[in-house]
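>>> Here is my input, please return the structure:
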Amino acid sequence: MGSLDSLPAMKSEPKIIFFTDFDGTITLQDSNDHLTDHLGFGAVERSARNTAILEGKITFRDGFREMLDSIDTPFDECVEFLCQRVTLDPHFTEFYNWAKNNNVPVVVLSSGMVPIIHALLVKLLGHEPENIQIVANQVASRDGKDINSKGGWQIDFHDNSHFGHDKSLEIRPYAAIPKSDRPILLYAGDGVSDISAARQTDLLFAKKGHDLTIICKRDNIPYTTFEDWSSILSTTRDLLEGKTTLDDVIAAQKHDNK
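All right, here's what the predicted structure looks like:
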């Protein structure tokens, strides 16, 4: 396949690639919100930043940095705090096992931080995650300090976009593959940071009752809602097995979202 070999999720020649957000999508809690609410400046200040982001008064990048900068707990203690409190969607493990056994690569695109996501997946799955690629922000020292000291860490954004991590950048090379060679591209998300990815895939799953559905309605972006990963698994399995088509799913979602 030539240059397609440079795309990690194409190496096994899959029929479907599943891109997904992590916090609040794979997990029931948003780890970054959880840190900010309990170890940072609290839920009221966080909510004010989220409102300002939705209204376009500040960028996601700036609002998110303010939230994380309010946390001075050592990084290793933050990770342990989250590992004791964050839980998986009750149906994600079933989806993960099915995807692994059916050559459906999972690519986590997150506005969170790679070390936290990896630690949570290891804890919640009970083993090193297989068949999952993580693309997210990193963690850096603040002012030369040890990240595991008080006030010693800060977020190191993935790119220079106003999102901090423009998730569409990872998807675009896959979307540019000629249709005859390209697998079906799916995406699941719940929030503002998922907007950049929303138009890049063939089908968007947006979590019911969350910010992404509000934005999709406002901007006329097609989507189908999900409450948990059982419906995502059902649709993805039916697509892989040829029991339904993208056109059928898209037609149904247009009817449901009227």
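>>> Find the nearest non-adjacent residue to residue 191, please.
residue 211 (4.9 Å; C-beta to C-beta, 6 or more residues apart in numbering). Backbone N, C-alpha and C define where each C-beta goes, glycine included.
>>> Give me the pLDDT for the one you found.
Here, the pLDDT recorded for residue 211 equals 85.
>>> now it: how far from residue 190?
Per C-beta to C-beta, to the nearest Å, residue 211 is found 7 Å from residue 190.
>>> More neighbours: which of these two?
With neighbours defined as other C-beta atoms under 10 Å, residue 211 and residue 190 compare such that residue 190 has more, 23 against 20.
>>> what sits against that one?
If you count contacts by C-beta atoms under 8 Å, 6 or more residues apart in numbering, residue 190 has them with 21, 24-25, 206-207, 210-212.
>>> redo that, cut-off 7 Å
Counting by C-beta atoms under 7 Å, 6 or more residues apart in numbering, residue 190 touches 21, 24-25, 206-207, 210, 212.
>>> roughly how far apart are it and residue 112?
Applying C-beta to C-beta to residue 190 and residue 112 gives a distance of 13 Å.
>>> hang on, the earlier thing: so the residue nearest to residue 191 touches residue 189, yeah?
No. Contact between residue 211 and residue 189 fails when scored by C-beta atoms under 7 Å: they sit 9.6 Å apart.
>>> list the buried ones in the host helix or strand of residue 247?
If you go by DSSP states H and E, residue 247 is part of helix 246-256. Neighbour counts over helix 246-256 (16 or more other C-beta atoms under 10 Å) mark 249-250, 253 as buried.
>>> just stretch 181-199 next, same as before
183-198.
>>> Okay, now it: how far is its last residue from its first?
Separation of the first and last residues of stretch 181-199 by C-alpha to C-alpha, to the nearest Å is 20 Å.
>>> now swap in stretch 157-176 and tell me
Distance across stretch 157-176, first residue to last, is 25 Å (C-alpha to C-alpha).
>>> Report all helices and strands that the helix holding residue 247 contacts.
Where contact means 3 or more C-beta pairs under 7 Å, 6 or more residues apart in numbering; DSSP states H and E, helix 246-256 is packed against strand 203-207, strand 224-226.
>>> could you redo the last one with a cut-off of 10 Å?
strand 184-189, strand 203-207, strand 224-226, helix 229-240 (3 or more C-beta pairs under 10 Å, 6 or more residues apart in numbering; DSSP states H and E).
>>> And for stretch 57-67, what's in contact with it?
32-33, 35-37, 40-41, 45-46, 48-54, 111-112, 137, 154-155, 157, 159-166, 191-193, 195-196 (C-beta atoms under 10 Å, 6 or more residues apart in numbering).
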